[in-house]
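Trainee: the following comprises the amino acid sequence and a computationally predicted model.
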Amino acid sequence: MTQPSFPPLFCGLDANGADPFALACAQARAVCDAGLVTYDLAHDRLRAAIVFAPEVPLRDAASMLPLCGVGFQHALGTLAPPEVAVHLGWDGKVYLNGGYCGDLRIAASEHDPVTVPAWLVIGLSLDLWPPSEDTGLTPDATALYAEGCGEVDPVTLLEAWVRHTLVGLNDWADGGATQLHRTWLGLAHGVDTEMTVAGRHGTFIGLDENLGLLLKSQGESSLIPLTALLTEPA
């Protein structure tokens, strides 16, 4: 398989079957350079992660989760047939034509929202093939190649994800979260529907200025910040 090529200041590290998200977190703890892209390109799944070195508090830096989601949507949008719709769940889920297809995850050196983290990692996992040929067993789930994207090369998709994420990162650094807020809402899955996130249940009614989730339940609104999605590698 061809090794991926990344923009300047980014470098790749093949996880060779290991979890790229866990590998990226381990490398970040060992003080690697920002821009490290770890990846594992299996026949049935694309997994990758990007290491960031934020210069802003975690409550702002956590915007890298939706930013990387938008970067993925833009990347696949340039490679997939035009009829393929990509939508993003606030909790990091990726949907193709309405079916769940993958996830984005976030980890950081800190969990305190007002602290500038030493590092932050965003991981991506995308199913290329469904787990079973009988897709009726999992009607709410799908995979990239089950949605008419058989010509999309995973290496090319990984490269495009990093490039489009870099563009979004530059725009975010220059202009703040306003454009990201608007773009992400245009791709959002589940607006005006009921959901349970971080132990809270309600109707998804929008985002705050930091892209936190606004839920309405029993006539009252509550906010779930992006930092509630912080996780640890397995």
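Mentor: That came through fine.

Trainee: please make it C-alpha for all contacts and neighbour counts, starting now.
Mentor: Noted.

Trainee: longest strand of this structure?
Mentor: Longest strand in the chain, counting residues (DSSP state E): strand 99-108.

Trainee: what's the next secondary structure element after that strand?
Mentor: Going down the chain from strand 99-108, the next helix or strand is strand 120-127, by DSSP states H and E.

Trainee: now do the residue most central in space within the chain against residue 25, distance only.
Mentor: What sits nearest the mean C-alpha location of the chain, by Cα atoms, centre = their mean, is residue 104, with 3.3 Å. According to Cα to Cα, to the nearest Å, residue 104 stands 14 Å off from residue 25.

Trainee: can you show me the CA trace of the lowest-mean-pLDDT helix or strand in the chain as CSV?
Mentor: The helix or strand of the chain with the poorest confidence is strand 194-197; it has a mean of 91 (mean pLDDT, DSSP states H and E). Only the C-alpha atoms of strand 194-197 are listed here, as CSV (Å, rounded to 0.1, in the frame of the first residue of the first chain):
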residue,chain,number,x,y,z
GLU,A,194,-34.2,13.9,21.1
MET,A,195,-30.9,12.4,22.2
THR,A,196,-28.9,11.4,25.3
VAL,A,197,-25.4,12.8,25.6
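
Trainee: so which residues of the protein form strands?
Mentor: Here the chain has its strands, by DSSP E, at 11-14, 36-41, 45-52, 86-88, 93-96, 99-108, 120-127, 194-197, 200-207, 213-217, 220-224.

Trainee: nearest to residue 166, out of those strands?
Mentor: Among those, strand 45-52 comes nearest to residue 166, with 10.7 Å by Cα to Cα.

Trainee: paired strands for that closest one, with orientation please.
Mentor: Strand 45-52 has the following strand partners under DSSP bridges: strand 36-41 (antiparallel), strand 120-127 (antiparallel).
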